[in-house]
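# sequence first, then the predicted structure:
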Amino acid sequence: MVKKVLSGIQPSGKLTLGNYIGAIKNYVKLQHENDCYFMVVDLHAVTVAQEPAALREQSESVAALYIAAGIDPAHANVFMQSHVPQHAELGWLMTTLTSMGELERMTQFKDKSSGKDSVGAGLFVYPALMAADILIYNADLVPVGEDQKQHLELTRDLAGRFNHRYGEFFTIPEPFIPEVGARIMSLDDGSKKMSKSSPNPGSFIALLDPPDVIRKKISRATTDSGSEVRYDPSTKPEVSNLMVIYAECAGMTLQQVADRYEGQMYGGFKKDLAGAVVAMLEPLQEKYHEIRSSGTITDILAEGAAKARIVAAETLTGVKERMGFLPYR
């Protein structure tokens, strides 16, 4: 039976190698055997202030990178979250089912609000919108990183709560978490996730970084004391992270990477790693620039949203009917 898959990426900051390995690369694999919905989640992006022109540019850029990375609009729906208004309406209905305590326990809210005098309400309630993003398509699988598992658990709880209160309706979604590559860490700190919002550009590799910039960032990447290229995240987090990147970019196993550099110093390993990253990203960058210059991304997003709205509208109608809203004629 074909499963529905839903995922999305915020158009805030530059997409990184971590976004590609941890998310987009899996989207490409999943599209061939599943009914996939891949969004650019612009409604989530505005939980913090965005400069309008930058938001528009980044939104189109993320969508174009989806296609450049191998997502085929003939096999998967690619669209802007804001182009399917049912997301926001179901998001409000999910908010009414969510308790303050559940939202207060969200670690991402705690992290993002830490040390700030004022925090927008949108940042607090956005997990309810995230639940709506998933449930509006009755998704079976949701590709998530470890840092998003808590939000998926809330989605599962809300789906179960709705079903208990109003009758069986929502599918209870399951996480899709690959064993390796689900979480690429920062180049300057192996304990932190590679983040497109990091203030230090040397901590991440952007998908559109030129080759010379990539080589420089990898040559300066933090490594552990010692010189052994060995995968051990607990005692050698930085080198282990670089090995995961190498394995993903070169199509090798971690053991093959370790065997290749057994007895060698970090210098040669880093040089080859940079070559592998550049070789993987160059064709993606070329395709990206072709897509942006052609203007086809506008049509792709319009077609994806049109298909998504059909499914979303049907789901929302069913939700409102069960909750007791008068039908709209």
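Good, I have the coordinates.

# quick one: buried residues of whatever helix or strand residue 53 lives in?
Residue 53 belongs to helix 52-68 when assigned by DSSP states H and E. Neighbour-count burial for helix 52-68, counted by 16 or more other C-beta atoms under 10 Å, picks out 55, 58, 59, 60, 61, 62, 63, 64, 65, 66, 67, 68. C-beta coordinates here come from the backbone N, C-alpha and C atoms, glycine included.

# list of residues touching the helix or strand containing residue 249?
Per DSSP H and E: residue 249 is located in helix 237-250. Residues from elsewhere that reach helix 237-250, judged by C-beta atoms under 8 Å, 6 or more residues apart in numbering: 17, 21, 25, 180-181, 184-185, 187, 189-191, 218, 221-224, 228-233, 252-254, 256-258, 266, 269-270, 272-273, 276-277, 279-280.

# pLDDT of that helix, averaged?
Averaging pLDDT along helix 237-250 yields 93.

# also stretch 124-141?
Throughout stretch 124-141, pLDDT has a mean value of 96.

# C-alpha coordinates for that stretch, PDB please?
Output in PDB follows, covering the C-alpha atoms of stretch 124-141 (Å, rounded to 0.1, in the frame of the first residue of the first chain):
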ATOM      1  CA  PHE A 124       4.900  29.200  21.300                       C
ATOM      2  CA  VAL A 125       1.900  27.800  19.400                       C
ATOM      3  CA  TYR A 126       3.600  26.700  16.100                       C
ATOM      4  CA  PRO A 127       3.800  23.000  17.100                       C
ATOM      5  CA  ALA A 128       0.000  23.000  16.700                       C
ATOM      6  CA  LEU A 129       0.500  24.300  13.100                       C
ATOM      7  CA  MET A 130       3.200  21.700  12.500                       C
ATOM      8  CA  ALA A 131       0.700  19.000  13.600                       C
ATOM      9  CA  ALA A 132      -1.800  20.500  11.200                       C
ATOM     10  CA  ASP A 133       0.800  20.300   8.400                       C
ATOM     11  CA  ILE A 134       1.000  16.600   8.900                       C
ATOM     12  CA  LEU A 135      -2.600  15.700   9.700                       C
ATOM     13  CA  ILE A 136      -4.100  17.800   6.800                       C
ATOM     14  CA  TYR A 137      -2.800  15.000   4.400                       C
ATOM     15  CA  ASN A 138      -3.200  12.200   6.900                       C
ATOM     16  CA  ALA A 139       0.500  11.400   6.400                       C
ATOM     17  CA  ASP A 140       1.700   8.000   7.400                       C
ATOM     18  CA  LEU A 141       5.400   8.800   7.500                       C
END
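
# show me how far that stretch is from its chain's centre.
On the basis of C-alpha atoms, centre = their mean, to the nearest Å, stretch 124-141 sits 14 Å off its chain's mean C-alpha point.

# from now on call the first residue 289
Okay, residue one is now 289; in that scheme the one you just asked about reads as stretch 412-429.

# same question for the helix or strand hosting residue 562: list its buried residues.
For residue 562, the element it lies in under DSSP H and E is helix 554-582. Of all the residues in helix 554-582, those buried under the rule 16+ other C-beta under 10 Å are 554, 557-558, 560-566, 568-569, 572-573, 575-576, 579-580.
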